[in-house]
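Q: Need the 3D shape of this:
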Amino acid sequence: MKVLGIDPGIGITGYAIVEEDKGKFFLLDQRALTTPTSLTSAKRLEKLYDQLVQLVQSQKPDVCALETLIFNTNVTTAFAVGQARGVIILALAKANIPVVEYSPIQVKMAITGYGRAEKSQIQQMVKQILKLPKVLSPDDVADAAAIALTHLFSYKMKNSSI
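A: This next block holds a predicted model:
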């Protein structure tokens, strides 16, 4: 199964494509999709949409794992991330790619076994699971890989016969 993990944002959207084959995990692609702050919000969202359409067409993932929006004290940031999530979900829906969502706590639990794990702990576990020479950068890309792995672990658990 080829999973597109996405950590959404309007300025930086991290993505990672992870595939599982016979219990082994492989990082196929990863990058930060960026939009310049000099553009209007509408143009930034359009650019994000276009980049995602191109990504989905070239990579053809089976499913997308997306981080849920956690509302914090910065309403402006939450609103912008919400808009980016909407554009991401639209691009995936138009490509008939199913979307599953995971909260940050679910990702931390799946990757480290501890719901309050630090970002550095998650990054180190992603590096270890994917057998990478170094931690993925920027953080948005590392988070996207963790989200993709979370789906692969969850999917495997749901579909295993115990």
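Q: What segments of this protein are strands?
A: Secondary structure of the chain by DSSP state E: the strands cover 2-7, 12-21, 24-34, 63-67, 99-102.
Q: and of these, who's closest to S137?
A: Among these, strand 24-34 comes nearest to S137, with 8.7 Å by C-beta to C-beta. Bear in mind the C-beta positions are built from the backbone N, C-alpha and C, glycine included.
Q: I figured L130 hits F25, correct?
A: Yes. Contact criterion C-beta atoms under 8 Å: L130 and F25 qualify, at 5.6 Å.
Q: Give the residues shared as contacts by these two.
A: 18, 149 (C-beta atoms under 8 Å, 6 or more residues apart in numbering).
Q: coming back round to it: mind putting the strands of the chain into TSV with mean pLDDT, mean neighbour count and distance to L55?
A: Listed next are the strands of the chain as TSV, based on pLDDT from 0 to 100; neighbours: other C-beta atoms under 10 Å; distance: least, C-beta to C-beta, whole Å:
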stretch	mean pLDDT	mean neighbour count	distance to L55
strand 2-7	98	26	8
strand 12-21	97	22	7
strand 24-34	97	17	8
strand 63-67	96	24	10
strand 99-102	96	16	14
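Q: Distance to G113 added to the ones you listed, as CSV?
A: Output for these, formatted as CSV (distance: least, C-beta to C-beta, whole Å):
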stretch, distance to G113
strand 2-7, 19
strand 12-21, 19
strand 24-34, 17
strand 63-67, 18
strand 99-102, 15
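Q: just how off-centre is stretch 77-85 within its chain?
A: The chain centre lies 15 Å from the centre of stretch 77-85; the measure is C-alpha atoms, centre = their mean, to the nearest Å.
Q: Now it: buried residues?
A: Neighbour counts over stretch 77-85 (16 or more other C-beta atoms under 10 Å) mark 80-81, 83-85 as buried.
Q: what's the spacing between the residue nearest to V3 when sequence neighbours are not counted and L39?
A: Closest residue in space to V3, ignoring its immediate chain neighbours: A148 at 4.3 Å, by C-beta to C-beta, 6 or more residues apart in numbering. Relative to L39, A148 is positioned 28 Å away (C-beta to C-beta, to the nearest Å).
Q: Those two - which one has more neighbours?
A: Neighbours per residue, other C-beta atoms under 10 Å: of A148 and L39, the larger number sits with A148, 35 against 13.
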